[in-house]
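**Student:** Show me the folded form of this:
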Amino acid sequence: MKDQLAGTGTLLRLALRRDRVMMPVWIMVVALLVLSLPASLESVYGTAAERARLLTTMNTNGSLRALYGPAFGDSIGGLTAWRGGVFAGVLAGVMSLVVVVRHTREEEETGRQEMLSAAMVGRRAPLTAALLAALTANGLAALLVTAGLAGRGAGGALALGLGIGATGMLFAALAAIAAQLTESARLAKGLTGALIGAAFVLRAAGDAGSAGGSSVLTWVSPLGWLEHVRAFAAERWWVFALFAAAVAVQVAAAYALAGRRDVGMSFLPARPGPAEGRLGSAGALAWRLQRGSLIGWSLAFLAAGVVFGGMTDGATQLVGDNERTREIIERMGGRSGIADAFLATMAGMLGMIAALYIVSAVLRLSGEESGQRAEPLLANAVGRLRWAGGHLAVAFGGSALILLLAGLGLGIGHGHHMGAAVGATLAQLPAVWVIGALAALLHGAAPRYAVAAWAVAGGALTLGWIGPALNLPQAALNLSPFAHLPKLPGAEAVAWAPLLALTALAAALLAAGLTALRRRDLAV
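**Tutor:** Residues are numbered from 1 along each chain as shown. So this is what the prediction gives:
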């Protein structure tokens with residue numbers, strides 16, 4: 001066994017060096033999501049009576065419980081755990097899957113792992129180093145959360161920090177299994193991401209049907225375990241035994257699978273080619289490669305729209321006469337009545353999440369290029385612009401499709417104003433396209449740094465999600481293209497100038513990216 005772990009320390013140092021920028025950014029986003037909440041909650045619900053009223057309102061509203069979960073305590077620390085715990089757990093899970101897949105399946109897919117394995121590197125050393133890197137990231141995030149909330153109660157702060165870190169490690173272990181089962185990093189990330197989404201849906205369904213979080217569905221979900229740690233509300237330390245057992249079983253399964261396959265191989269190999277149909281163009285190939293992802297995003301956005309639309313009346317009830325909460329929602333969604341402001345806020349949030357889709361779809365170009373699948377294609381009668389154009393058409397057209405479906409979902413869930421809801425989500429497109437065009441520019445001009453497009457999308461999401469609650473200055477909020485969009489529905493007159501300006505900017509960035517792609521050598 002010792003020989004199979006040879007070189008683990010060296011690979012761990014290499015992984016931490018490669019992630020010296022990405023990992024700290026992820027850690028700070030996870031921690032900031034939680035640590036930004038206490039001051040905001042204290043300014044909104046400053047008295048015990050207001051917090052008790054919030055607790056009662058929240059726990060009697062099924063749609064809001066589905067989004068945030070039940071609240072178990074009315075202290076500022078308890079409300080912080082309620083408002084940010086599950087979402088921080090989701091972000092920790094996404095961070096973990098990115099780290100683990102990057103240093104396992106992605107290394108094998110690019111051929112670097114085969115070169116490393118020719119040296120004194122044990123069979124299970126890469127997997128061990130990847131899991132230790134994820135443990136480092138989750139441990140630091142847990143430490144920051146615990147230290148930042150210690151003043152609210154040391155026990156509660158430790159429980160919440162450990163819960164977020166344990167959730168991240170559970171999904172890291174799931175990503176380790178997915179990396180053994182699939183033959184590409186994209187599939188490994190997609191499978192683990194789908195499991196994170198399923199965990200959120202199970203928890204939401206369970207919490208919607210049970211005010212005390214006692215539903216079986218809640219206990220099936222790891223995010224439900226995080227919720228049931230009950231930080232700042234008579235902590236349940238025994239729940240961490242569930243995390244420990246699940247992580248141990250999954251890591252053991254990943255190690256067993258890693259020992260039964262060759263480098264580069266997988267237990268679920270992809271089909272050797274299209275079983276039916278005809279690929280007559282580069283665009284058709286791009287559609288074939290990306291249609292599964294687009295269908296998944298489309299269904300998710302339609303469902304999310306229905307859920308958020310159905311929450312509108314509940315959000316109005318939750319705000320009540322609390323002026324500070326009304327100010328925050330109106331700052332995010334415009335001053336056109338609390339219902340319209342809430343719908344505008346949800347439309348903006350869906351737009352910012354759609355930016356993650358367009359980045360992933362555009363960066364499929366980088367995956368095809370670094371995986372050396374683009375070179376044989378371009379050696380034939382296919383130009384670079386046709387090849388890139390196919391993927392970009394799917395990315396930009398796909399973002400329009402998922403936002404259209406999100407708007408339809410909002411209208412269905414709310415019960416009326418279908419046209420206004422669709423218009424609100426489609427109004428997010430110019431900002432989404434700016435981020436997608438920036439990703440295309442990075443791929444065309446500096447392919448080694450194309451991954452920085454994720455930081456741009458994540459920054460826009462963070463500013464839009466946390467910025468209004470922190471009362472950040474408008475100059476800081478304006479760094480996001482979404483800050484320049486009209487707040488729909490509810491605006492008396494649509495401001496077309498920023499929409500046209502952002503669309504023109506996206507077109508210019510896209511043209512620059514394609515020009516740079518034509519002039520450079522293919523990445524190797």
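
**Student:** If you rank every helix and strand of the chain by mean pLDDT, what lands last?
**Tutor:** Ranked by mean pLDDT, DSSP states H and E, the weakest helix or strand in the chain is helix 323-333, scoring a mean of 53.

**Student:** So which other helices or strands are in contact with the helix or strand following that helix?
**Tutor:** Note on helix 323-333: by DSSP states H and E, the next helix or strand toward the C-terminus is helix 338-362. Judged by 3 or more Cβ pairs under 8 Å, 6 or more residues apart in numbering; DSSP states H and E, helix 338-362 is in contact with helix 282-310, helix 312-319, helix 323-333, helix 384-414, helix 418-426, helix 429-445, helix 452-470. C-betas here are computed from N, CA, C, even on glycine.

**Student:** ok, 6 Å please
**Tutor:** For helix 338-362, the elements it packs on are helix 312-319, helix 323-333, helix 384-414, helix 418-426, helix 429-445, helix 452-470, judged by 3 or more Cβ pairs under 6 Å, 6 or more residues apart in numbering; DSSP states H and E.

**Student:** Out of those, which one sits most buried?
**Tutor:** Between those, helix 429-445 has the highest mean count of neighbours, a mean of 26, where neighbours are mean count of other Cβ atoms under 10 Å.

**Student:** what's the average pLDDT for that helix?
**Tutor:** Across helix 429-445, pLDDT averages out at 93.

**Student:** What of stretch 230-242?
**Tutor:** 92.

**Student:** which outside residues touch that stretch?
**Tutor:** 72-73, 75, 77-78, 81, 153, 155-156, 159-160, 225, 228-229 (Cβ atoms under 6 Å, 6 or more residues apart in numbering).

**Student:** Give me the buried positions along that stretch.
**Tutor:** Buried residues in stretch 230-242, counted by 16 or more other Cβ atoms under 10 Å: 230-233, 235, 239-240, 242.

**Student:** In helices, which of the residues you listed appear?
**Tutor:** 239-240, 242 (DSSP state H).

**Student:** returning to that earlier point: among the contacts of stretch 230-242, which one has the most neighbours?
**Tutor:** With neighbours taken as other Cβ atoms under 10 Å, the top of the contacts of stretch 230-242 is residue 81, carrying 34 neighbours.

**Student:** Could you report the distance from it to residue 48?
**Tutor:** 17 Å (Cβ to Cβ, to the nearest Å).

**Student:** residues touching the residue lying closest to residue 427 once chain neighbours are set aside, list them.
**Tutor:** Using Cβ to Cβ, 6 or more residues apart in numbering and skipping residues adjacent in sequence, the residue nearest residue 427 is residue 488, 5.1 Å away. By Cβ under 6 Å, 6+ apart, the contact list for residue 488 reads 344, 423-424, 427.

**Student:** Three-state assignment for residue 488, please.
**Tutor:** Here residue 488 is recorded as coil under DSSP: H, G, I helix; E, B strand; the rest coil.

**Student:** do the same with residue 522
**Tutor:** Classified using three-state DSSP, residue 522 is coil.

**Student:** And for it, the neighbour number?
**Tutor:** The number of residues packed near residue 522 is 13, by other Cβ under 10 Å.

**Student:** Next up, the contacts around it.
**Tutor:** So residue 522 contacts residue 375 (Cβ under 6 Å, 6+ apart).

**Student:** Compute the distance between it and residue 83, please.
**Tutor:** 47 Å.

**Student:** Roughly how far does residue 197 sit from residue 346?
**Tutor:** 18 Å.

**Student:** To clarify, my last question referred to residue 149.
**Tutor:** For residue 149, the distance to residue 346 - Cβ to Cβ - is 28 Å.

**Student:** and what of residue 58?
**Tutor:** For residue 58 relative to residue 346 (Cβ to Cβ), the value is 18 Å.

**Student:** what about stretch 47-57, distance to the chain center?
**Tutor:** Here the centre of stretch 47-57 is set off from its chain's centre by 31 Å, with Cα atoms, centre = their mean, to the nearest Å.

**Student:** could I have that stretch exported to CSV, CA atoms only?
**Tutor:** C-alpha atoms of stretch 47-57 as CSV (Å, rounded to 0.1, in the frame of the first residue of the first chain):
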residue,chain,number,x,y,z
THR,A,47,-35.1,42.9,17.7
ALA,A,48,-36.0,39.6,19.2
ALA,A,49,-39.6,40.2,18.3
GLU,A,50,-38.8,40.7,14.7
ARG,A,51,-36.7,37.6,14.5
ALA,A,52,-39.4,35.5,16.3
ARG,A,53,-41.9,36.8,13.8
LEU,A,54,-39.6,35.9,10.9
LEU,A,55,-39.1,32.4,12.3
THR,A,56,-42.9,31.8,12.5
THR,A,57,-43.5,33.2,9.0
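
**Student:** to the chain's geometric centre, what's the distance from stretch 363-379?
**Tutor:** Distance of stretch 363-379 from its chain centroid, counting by Cα atoms, centre = their mean, is 25 Å.

**Student:** Could you export it as PDB, CA atoms only?
**Tutor:** Written as PDB, here are the backbone C-alpha positions of stretch 363-379 (Å, rounded to 0.1, in the frame of the first residue of the first chain):
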ATOM      1  CA  LEU A 363     -15.100  26.700 -23.000                       C
ATOM      2  CA  ARG A 364     -16.100  23.400 -24.600                       C
ATOM      3  CA  LEU A 365     -13.800  24.800 -27.400                       C
ATOM      4  CA  SER A 366     -10.900  24.700 -25.000                       C
ATOM      5  CA  GLY A 367     -11.700  21.200 -24.000                       C
ATOM      6  CA  GLU A 368     -11.800  20.000 -27.600                       C
ATOM      7  CA  GLU A 369      -8.600  21.800 -28.400                       C
ATOM      8  CA  SER A 370      -6.600  20.700 -25.400                       C
ATOM      9  CA  GLY A 371      -7.900  17.100 -25.800                       C
ATOM     10  CA  GLN A 372      -6.500  17.200 -29.400                       C
ATOM     11  CA  ARG A 373      -9.900  16.500 -30.900                       C
ATOM     12  CA  ALA A 374     -10.000  19.800 -32.800                       C
ATOM     13  CA  GLU A 375      -6.800  19.300 -34.700                       C
ATOM     14  CA  PRO A 376      -7.900  16.200 -36.800                       C
ATOM     15  CA  LEU A 377     -11.200  18.100 -37.600                       C
ATOM     16  CA  LEU A 378      -9.400  21.200 -38.700                       C
ATOM     17  CA  ALA A 379      -7.000  19.300 -40.800                       C
END
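
**Student:** For that stretch, give me every contacting residue.
**Tutor:** When contacts are defined by Cβ under 6 Å, 6+ apart, stretch 363-379 is touched by residues 388, 391, 443, 450, 522-523.

**Student:** related to what we said a few turns ago, can you put the contacts of residue 488 in a markdown table and add distance to residue 101?
**Tutor:** A markdown table is the format used below for the contacts of residue 488 (distance: Cβ to Cβ, whole Å):
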| residue | distance to residue 101 |
| --- | --- |
| 344 | 35 |
| 423 | 38 |
| 424 | 35 |
| 427 | 34 |
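
**Student:** Spell out the residue ranges of the helices in the stretch 51-200 of the chain.
**Tutor:** Applying DSSP state H, counting those that start in this stretch to the stretch 51-200 of the chain gives helices spanning 62-68, 76-102, 105-110, 112-117, 125-149, 154-181, 185-209.

**Student:** Quick check: which of these is nearest to residue 477?
**Tutor:** Smallest distance to residue 477 across the helices of the stretch 51-200 of the chain (Cβ to Cβ): 19.9 Å, for helix 76-102.

**Student:** the inter-axis angle of the closest one versus helix 154-181?
**Tutor:** Here helix 76-102 points in a direction 20 degrees away from that of helix 154-181 (axes from the mean of the first three to the mean of the last three Cα atoms, to 10 degrees).

**Student:** what does the average pLDDT come to for helix 76-102?
**Tutor:** Averaged over helix 76-102, pLDDT sits at 89.

**Student:** what do you get for stretch 162-174?
**Tutor:** Rounded mean pLDDT across stretch 162-174 is 95.

**Student:** hey, C-alpha coordinates of it in PDB?
**Tutor:** What follows is stretch 162-174, C-alpha atoms only, in PDB (Å, rounded to 0.1, in the frame of the first residue of the first chain):
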ATOM      1  CA  LEU A 162     -17.500  21.900  10.100                       C
ATOM      2  CA  GLY A 163     -20.900  21.200   8.400                       C
ATOM      3  CA  ILE A 164     -20.000  23.200   5.300                       C
ATOM      4  CA  GLY A 165     -16.600  21.500   5.100                       C
ATOM      5  CA  ALA A 166     -18.000  18.000   5.700                       C
ATOM      6  CA  THR A 167     -20.600  18.600   2.900                       C
ATOM      7  CA  GLY A 168     -17.800  19.700   0.600                       C
ATOM      8  CA  MET A 169     -15.800  16.600   1.400                       C
ATOM      9  CA  LEU A 170     -18.800  14.300   0.800                       C
ATOM     10  CA  PHE A 171     -19.200  15.700  -2.700                       C
ATOM     11  CA  ALA A 172     -15.400  15.500  -3.200                       C
ATOM     12  CA  ALA A 173     -15.600  11.700  -2.600                       C
ATOM     13  CA  LEU A 174     -18.600  11.500  -5.000                       C
END
